[in-house]
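Colleague: Mind folding the following:
(4 chains)
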There are 2 protein chains.
Amino acid sequence: MPITLKDVAERAGVSRSAVSRTFTEGASVSPKTRAKVERAAAQLGYTPSALASALSTGRTKLIGLVSSNFHNPIFLEVFDLFTRGLQDRGLRPLLVNLSDETDPEASVRMLRQYSVDGVIIASSTLPPSFAKAFRDAGMPVVHSFGRWTSAPETHVVGIDNVECGRLAARTLVGRGYRKLAFLGGPESASSTQDRLAGFLEGLEMSPVTGVTTSFASAYAFDAGRAEMQRLLAEGLRAQAYFCGDDVLSIGALSALQDAGLAVPGDVGVIGLNDMEMAGWNNINLTTIHQPIPAIIEAAIELAIATIETPDRLPEARLFPCRVVERGTLRPL
Amino acid sequence: MPITLKDVAERAGVSRSAVSRTFTEGASVSPKTRAKVERAAAQLGYTPSALASALSTGRTKLIGLVSSNFHNPIFLEVFDLFTRGLQDRGLRPLLVNLSDETDPEASVRMLRQYSVDGVIIASSTLPPSFAKAFRDAGMPVVHSFGRWTSAPETHVVGIDNVECGRLAARTLVGRGYRKLAFLGGPESASSTQDRLAGFLEGLEMSPVTGVTTSFASAYAFDAGRAEMQRLLAEGLRAQAYFCGDDVLSIGALSALQDAGLAVPGDVGVIGLNDMEMAGWNNINLTTIHQPIPAIIEAAIELAIATIETPDRLPEARLFPCRVVERGTLRPL
DNA sequence: TCACTCATTGCAACCGGTTGCAATCGTGAC
DNA sequence: GTCACGATTGCAACCGGTTGCAATGAGTGA
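Modeller: Residues are numbered from 1 along each chain as shown, chains lettered A, B, ... in the order given. Predicted structure coming up:
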């Protein structure tokens, strides 16, 4: 049923090689042959099979887009940008949902089956062991929104979470808040740990009188809300909270509002991400902006570069964050 | 570098066919051979190539997951459920972003190149011409969240948007609202048209004194907010609004709030979808619930059935919606 | 007009599996 | 021990392209 190279070759009266070369960038074909082939192909409605091509060239133009964050609206924007960026470069994203996968080997097998040219991890919560497993299986891999260490084992693109923690600390201290709290995402996520470390570090030598730390079970509204409710029930009320992420912040805000507390009058909140929703005026969250489009472009470029030069050294590409002033922190 | 059938065959001391059959469900292999092959495969770390297999069987187990809705948070949930549902059945989603694509033929080519077994459209705004183009190209296709007509040309899974409009009408009239408004999504989207038609139909013979209709430029917060602002600026204030969708409603609520109007005291709002966010207590939107998991399961099942029986009649699978009572409509 | 280049072309092998067919094997019945 | 039959196995062709290599042909300079 489907039209193949052979059909086109017969119709055009040339060999299969000629047809193949017509559709291969930079191959040697005379204008005359090319014209014949193109006409025949158009008449027949021929589309080359990427699979067959992949089999001989070893390149599928398939990129595994791996994530475990399907509950944080920010990731819809992330998927939008990734899919467009990849498509624009002639690559196709094979979406892999690792939400409840714990075994990297299973994912490795899945991606190997489809011979993806490379893997881009888009997740702030997937353990680094996944990135390493992919790399060990010989796949070019870039972990976007992942943890940066000074000795990266795989490519990482994102922000310096430790620095973001410091930034949050400086911002809160600068507004005169003295009794602070860190309300992080999952304790096991490296992003959480780094943000906390930076936050505490930034608070050293400052006039702060107390810091409590606690963790929500996920980067999600309900989790943030539940954790804030727990804190309030236990009488642990800070003057200002650095929340691990915007959705978490919004959940926390909702709990504060329920408890009859005014923001920023009674309590201050600062988030992280600057998702679209943070700017909605019924939320109006002061937050730390993460340059998502830049991160995604860099991740794609790095993935492509690694596919072309597989043995390049693991690299970290980090982008700066900045505070976006809105209405959940008292003014300077 | 990568391990192939041949390597395993040599190591196990059997033919390539034997290895192939070991990995093929229901093929004839003796337990002894199978054991030898499995041991060799394990030692070598062999993973069969889905591409090569696809080339001979004609089945890629790839499903084109096509969408143009990357700005409505509800679709993150949709992608989550689709990817999991497909993965659980051994299928892989090839994500295609058609956000600014207007030519169905380009998409057809892209999907044909990868020989996807089928296409699932997950979009409420993609014109039906795309589904038809895919079908005409011989691909099994299911349009989820698409428009249902009494004479469907392609498979459709979703809700009866007309009935939802009627439901909204009944609900608003039942609460005693008399001056109503429809604030729809993009005027060109079939979902918008159907909801409007049902809404108006449901209002016939009712004691309603006036209905205005208007359209937001997209199913998005900003669009809903802007449109409501425009309506208020023009002095067109209704007692209650049926908004085309939850994000639109949330945008509209934000504009109402800015204008100093109390909800549901001064104005009532009912949305559609019942996305997670609608339940957040700082939003607390009364809305019409759409059974998304059921729709997605049905879309996947229908896609699989169509792959197995390509010439089945186009079919519509519709699920009922219901009103979820929250805080943006006055009580009965 | 002839030898020599270089671009173009086709042949055939190969990418990594699958599968129809025929040969071989093992088993049970007689 | 012999025969028949079904289960197992290997051979070889095929899926739809790609590509090294050698042959062909056109064009050039002398």
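Colleague: Tell me what the residue nearest the centre of chain A is bridged to.
Modeller: Nearest to the geometric centre of chain A sits A:A122, at 3.3 Å (C-alpha atoms, centre = their mean). For A:A122, the beta-bridge partners under DSSP bridges are A:S144.
Colleague: wait, it sits on A:V142?
Modeller: No. Look at A:A122 against A:V142 with C-beta atoms under 8 Å: they stay out of range, at 9.4 Å. No exception for glycine: its C-beta is placed from N, CA and C like everyone else's.
Colleague: Are there residues contacting both of these two? Which ones?
Modeller: Contact with both A:A122 and A:V142 is made by residues A:A299, according to C-beta atoms under 8 Å, 6 or more residues apart in numbering or on different chains.
Colleague: residues contacting A:P2?
Modeller: A:49, B:112, B:138.
Colleague: Let's see if you can find the most crowded of those.
Modeller: Using other C-beta atoms under 10 Å in any protein chain shown as the neighbour test, the contacts of A:P2 are led by B:R112, with 22 neighbours.
Colleague: What's the separation between it and chain A?
Modeller: For B:R112, the distance to chain A equals 4 Å [C-beta to the nearest C-beta, to the nearest Å].
Colleague: Helix or strand for that residue, just tell me which one.
Modeller: Taking DSSP states H and E as the criterion, B:R112 maps to helix B:104-113.
Colleague: Of the contacts of A:P2, just say which sits nearest to DNA strand D.
Modeller: Distance to DNA strand D across these (C-beta to the nearest atom of the strand) is lowest for A:S49, with 3.6 Å.
Colleague: What score does that closest one have for pLDDT?
Modeller: Per-residue pLDDT puts A:S49 at 95.
Colleague: on that earlier part again, could you dump the contacts of A:P2 to a markdown table with distance to B:L302?
Modeller: Output for the contacts of A:P2, formatted as a markdown table (distance: C-beta to C-beta, whole Å):
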| residue | distance to B:L302 |
| --- | --- |
| A:S49 | 26 |
| B:R112 | 21 |
| B:G138 | 17 |
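Colleague: got CSV for these, with distance to DNA strand C too?
Modeller: Output for the contacts of A:P2, formatted as CSV (distance: C-beta to the nearest atom of the strand, whole Å):
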residue, distance to DNA strand C
A:S49, 11
B:R112, 19
B:G138, 20
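Colleague: ok so, going back, give the rounded mean pLDDT of the helix holding B:R112.
Modeller: On average, helix B:104-113 scores 93.
Colleague: and if you look at stretch A:206-226?
Modeller: 92.
Colleague: Name the residues of that stretch that are buried.
Modeller: A:208, A:211, A:214-216, A:218-226 (16 or more other C-beta atoms under 10 Å in any protein chain shown).
Colleague: Also stretch A:86-95?
Modeller: Buried residues in stretch A:86-95, counted by 16+ other C-beta under 10 Å: A:86-87, A:91-95.
Colleague: for stretch A:181-189, same thing?
Modeller: For stretch A:181-189, by 16+ other C-beta under 10 Å, it's A:181-186, A:189.
Colleague: With stretch A:302-319 instead?
Modeller: Residues A:302-307, A:314, A:316-317 are the ones in stretch A:302-319 that count as buried (16+ other C-beta under 10 Å).
Colleague: do the same with stretch A:21-32
Modeller: By neighbour count on 16+ other C-beta under 10 Å, the buried set for stretch A:21-32 is A:21-23, A:29.
Colleague: Helices of the stretch 201-332 of chain A, start to end?
Modeller: Along the stretch 201-332 of chain A, the segments classed as helices by DSSP state H, counting those that start in this stretch run A:221-233, A:246-258, A:292-308.
Colleague: Export those to a markdown table and append columns for distance to B:G176.
Modeller: Listed next are the helices of the stretch 201-332 of chain A as a markdown table, based on distance: least, C-beta to C-beta, whole Å:
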| stretch | distance to B:G176 |
| --- | --- |
| helix A:221-233 | 33 |
| helix A:246-258 | 29 |
| helix A:292-308 | 46 |
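Colleague: wait, which of those helices is closest to DNA strand C?
Modeller: Closest to DNA strand C of the helices of the stretch 201-332 of chain A is helix A:292-308 (C-beta to the nearest atom of the strand; 17.1 Å).
Colleague: low-scoring stretches of the stretch 201-332 of chain A, by residue?
Modeller: The model of the stretch 201-332 of chain A has no residue with pLDDT under 70.
Colleague: give me the residue from it nearest DNA strand C.
Modeller: Relative to DNA strand C, the nearest point of the stretch 201-332 of chain A is A:P310 (16.3 Å; C-beta to the nearest atom of the strand).
Colleague: Would you enumerate the residues in contact with the closest residue to that residue other than its chain neighbours?
Modeller: Nearest non-adjacent residue to A:P310, counting by C-beta to C-beta, 6 or more residues apart in numbering or on different chains: A:P140, 6.0 Å away. Neighbouring residues of A:P140 by C-beta under 8 Å, 6+ apart: A:117-119, A:303, A:306-307, A:310.
Colleague: tell me the two of those that are most distant?
Modeller: Distance extremes for the contacts of A:P140: the farthest pair is A:V119 and A:P310 at 12.6 Å, using C-beta to C-beta.
Colleague: Keep only those of the buried residues of stretch A:21-32 that are in helices.
Modeller: Taking DSSP state H, the ones among the buried residues of stretch A:21-32 that sit in helices are A:21-22.
Colleague: show me which of the buried residues of stretch A:21-32 neighbour DNA strand C.
Modeller: A:21, A:29 (C-beta under 7 Å from any atom of the strand).
Colleague: wait, which of the buried residues of stretch A:21-32 is closest to chain B?
Modeller: Among the buried residues of stretch A:21-32, A:F23 lies closest to chain B (C-beta to the nearest C-beta), at 11.0 Å.
Colleague: can you give me the strands in chain A?
Modeller: Along chain A, counting by DSSP state E, strands occupy A:62-67, A:92-97, A:118-122, A:141-144, A:155-159, A:179-184, A:210-215, A:240-243, A:268-273, A:287-289, A:316-319, A:322-324.
Colleague: how about the helices in the stretch 1-150 of chain A?
Modeller: A:5-12, A:16-22, A:31-44, A:50-57, A:74-88, A:104-113, A:128-136.
Colleague: Can you lay out those as CSV showing distance to DNA strand D?
Modeller: Shown next, in CSV, are the helices of the stretch 1-150 of chain A (distance: least, C-beta to the nearest atom of the strand, whole Å):
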stretch, distance to DNA strand D
helix A:5-12, 3
helix A:16-22, 3
helix A:31-44, 10
helix A:50-57, 3
helix A:74-88, 19
helix A:104-113, 16
helix A:128-136, 25
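Colleague: wait, which of those is closest to A:P291?
Modeller: That would be helix A:74-88 among the helices of the stretch 1-150 of chain A, by C-beta to C-beta, at 11.3 Å.
Colleague: That closest one: which residues count as buried?
Modeller: So helix A:74-88, judged by 16+ other C-beta under 10 Å, has buried residues A:74-87.
Colleague: roughly how far out does it sit from the chain middle?
Modeller: Between the centre of helix A:74-88 and the centre of its chain there are 9 Å (C-alpha atoms, centre = their mean, to the nearest Å).
Colleague: Next, see if that helix gets close to chain B.
Modeller: Yes. Using C-beta under 8 Å from any C-beta of the partner chain, helix A:74-88 comes into contact with chain B via A:75-77, A:79-80, A:83-84, A:87.
Colleague: Only alpha carbons, please: show that helix as PDB.
Modeller: Taking C-alpha atoms only, helix A:74-88 is exported to PDB below (Å, rounded to 0.1, in the frame of the first residue of the first chain):
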ATOM      1  CA  ILE A  74       5.100  25.000  34.600                       C
ATOM      2  CA  PHE A  75       5.900  21.800  32.700                       C
ATOM      3  CA  LEU A  76       3.200  22.400  30.100                       C
ATOM      4  CA  GLU A  77       5.200  25.400  29.100                       C
ATOM      5  CA  VAL A  78       8.300  23.300  29.200                       C
ATOM      6  CA  PHE A  79       6.800  20.600  26.900                       C
ATOM      7  CA  ASP A  80       5.600  23.300  24.600                       C
ATOM      8  CA  LEU A  81       9.000  24.800  24.200                       C
ATOM      9  CA  PHE A  82      10.800  21.500  23.900                       C
ATOM     10  CA  THR A  83       8.500  20.100  21.300                       C
ATOM     11  CA  ARG A  84       8.700  23.200  19.200                       C
ATOM     12  CA  GLY A  85      12.400  23.600  19.600                       C
ATOM     13  CA  LEU A  86      13.000  20.000  18.600                       C
ATOM     14  CA  GLN A  87      10.500  20.000  15.700                       C
ATOM     15  CA  ASP A  88      12.100  23.200  14.300                       C
END
